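Colleague: here is my input, please return the structure:
(one chain, ligands or ions: 1)
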Amino acid sequence: MFQQLKKDIAVVFDRDPAARNWFEVLTAYPGVHAVLLHRLNHWLWNLGLKWIARMMSHIVRWFTGIEIHPGAKIGRRFFIDHGMGIVIGETAEIGDDCTLYQGVTLGGTSWNKGKRHPTLGNDVVVGAGAKVLGPFTVHEGARIGSNSVVLKEVEAGSTMVGIPAHPVGSPEHKRATGQVDEGFDAYGQSSDNVDPVAEAISQLCQRVQEMDQFNKTLLAKLVDAGVDVKDVKMPDIDTDCIELGQQVTKTNNTVKESDDSKA
Ligand SMILES: CC(C)(COP(=O)(O)OP(=O)(O)OC[C@H]1O[C@@H](n2cnc3c(N)ncnc32)[C@H](O)[C@@H]1OP(=O)(O)O)[C@@H](O)C(=O)NCCC(=O)NCCS
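Modeller: Numbers count the residues shown, from 1 in each chain. This next block holds a predicted model:
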């Protein structure tokens with residue numbers, strides 16, 4: 001039990017870049033308070049002390065703005081960032097290593113007494129303000145975009161956005177584009193996001209290589225067809241142009257250095 005509570009606190013350092021030390025996390029993270037007290041409330045609920053559990057969760061709501069029904073089942077290393085406005089219903093189930101941001105609702109859409117709230121698999125991230133409504137499963141590794149409204153089952157590893165939520169990234173898409181998730185994506189962002197300028201340059205380089213190959217093939221075909229290609233050659237690289245580029249870079253650096261020293 002103590003080990004589990006320790007992990008609930010330790011997880012903050014992995015998922016919130018702003019977390020500085022244990023004292024700060026213990027005293028200034030409403031999400032941590034709500035989760036730790038929910039563990040106690042859930043235990044009381046299962047003992048049959050339902051009113052006390054409900055009252056305690058109500059008091060936690062006053063202090064944290066986070067309403068977790070004591071009947072909700074929550075897995076290990078659960079992290080609520082910021083917290084205010086979160087509602088987690090009685091029959092909601094949350095797997096291990098899930099993260100919820102402020103304003104999330106794991107709610108129901110019917111008055112039926114049975115299972116009416118969603119189940120989150122392991123490693124699910126639900127963005128700020130998202131509503132996940134109904135007794136379906138959001139499978140392992142899925143990410144729900146901020147302010148989305150999810151009304152049906154979500155495939156493992158998918159990213160869902162919009163109202164009603166639709167997929168913008170599926171495991172098939174990730175495999176096809178060679179994207180691989182590595183560990184927790186802070187704020188649900190893919191760790192595979194690339195610098196768009198670097199990506200454009202890399203695509204240009206690839207295109208140049210393809211054109212080189214194309215030219216070689218073309219020349220070989222011309223030679224085969226008996227065309228004299230002796231005089232055909234690639235133009236030399238314009239070294240004047242390179243020197244000019246180096247001069248410009250040098251001048252820019254000098255200007256920046258003098259600006260920095262003035263500042
Ligand atoms: C949904 C999310 C996980 C997607 O991250 P991603 O995989 O890096 O995806 P991208 O940002 O490349 O977006 C993919 C597409 O979805 C759209 N999109 C992303 N988030 C969206 C959202 N919340 N609602 C609607 N559309 C969204 C993008 O515009 C993009 O559309 P396009 O392909 O037509 O341009 C992320 O945007 C998100 O909402 N994370 C939650 C963050 C959060 O709540 N932070 C709170 C911190 S306090």
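Colleague: could you use CA atoms for every contact and neighbour count after this?
Modeller: Fine.
Colleague: contact residues of the stretch 51-200 of the chain facing the ligand?
Modeller: Counting by CA under 6 Å from any ligand atom, the residues of the stretch 51-200 of the chain close to the ligand are 101, 127-128, 143-147, 159, 161-162, 168, 187-190.
Colleague: please repeat the previous calculation with a cut-off of 8 Å.
Modeller: Selection of the stretch 51-200 of the chain residues close to the ligand by CA under 8 Å from any ligand atom yields 81-82, 101-102, 125-129, 143-148, 159-162, 168-169, 186-191, 193.
Colleague: of these, select the buried ones using a ChimeraX command.
Modeller: A single ChimeraX command selects the buried members of these (16 or more other CA atoms under 10 Å):
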select :81,82,101,102,125,126,127,128,129,143,144,145,146,147,148,159,160,161,162,187,188,190
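Colleague: select from the residues of the stretch 51-200 of the chain next to the ligand every entry located in helices.
Modeller: Using DSSP state H, no member of those falls in helices.
Colleague: now, the residues of the stretch 51-200 of the chain next to the ligand that are in strands?
Modeller: Under the assignment DSSP state E, those contribute V125, V126, R143, I144, T159, M160, V161, V168, G169 to strands.
Colleague: does G141 count as helix, strand or coil?
Modeller: Under the three-state scheme (DSSP: H, G, I helix; E, B strand; the rest coil), G141 adopts coil.
Colleague: give the burial count for it, as a bare number.
Modeller: Neighbourhood size, G141 [other CA atoms under 10 Å]: 23.
Colleague: what helices and strands are in contact with the lengthiest helix in the chain?
Modeller: Longest helix in the chain, counting residues (DSSP H): helix 196-224. Here helix 196-224 touches no other helix or strand, going by 3 or more CA pairs under 8 Å, 6 or more residues apart in numbering; DSSP states H and E.
Colleague: pull out the buried residues from that helix.
Modeller: Going by neighbour count (16+ other CA under 10 Å), the buried part of helix 196-224 is L219.
Colleague: report the contact partners of the residue positioned nearest the centre of the chain.
Modeller: Centrality entry for the chain: nearest residue to the mean C-alpha point is G188, 1.4 Å, by CA atoms, centre = their mean. G188 makes contact with V125, V126, G127, R143, I144, G145, according to CA atoms under 8 Å, 6 or more residues apart in numbering.
Colleague: low-confidence regions, the stretch 101-250 of the chain specifically.
Modeller: Within the stretch 101-250 of the chain, the set of residues satisfying pLDDT under 70 comprises 170-186, 189-196, 237, 241.
Colleague: can you do 90?
Modeller: The model of the stretch 101-250 of the chain has pLDDT under 90 over residues 110-113, 169-220, 222-223, 226-250.
Colleague: distance from the longest helix of the chain to the middle of the chain?
Modeller: Mean-position distance between helix 196-224 and its chain equals 36 Å (CA atoms, centre = their mean, to the nearest Å).
Colleague: my guess is H42 contacts I74, does it?
Modeller: No: in this structure, H42 is not within contact of I74 by CA atoms under 8 Å, at 9.1 Å.
Colleague: which residues are common contacts for the two?
Modeller: Joint contacts of H42 and I74 (CA under 8 Å, 6+ apart) do not exist.
Colleague: and V150, its phi and psi?
Modeller: As for V150, its main-chain torsions (degrees, to the nearest 10) stand at phi -100, psi 130.
Colleague: can I see the domain layout of this protein?
Modeller: By the assignment in automatic domain parsing, the chain contains the domains 2-188, 197-262.
Colleague: how about the contacts of G188, which pair is most distant?
Modeller: The distance between the two most remote of those (CA to CA) is 8.5 Å, for V125 and G145.
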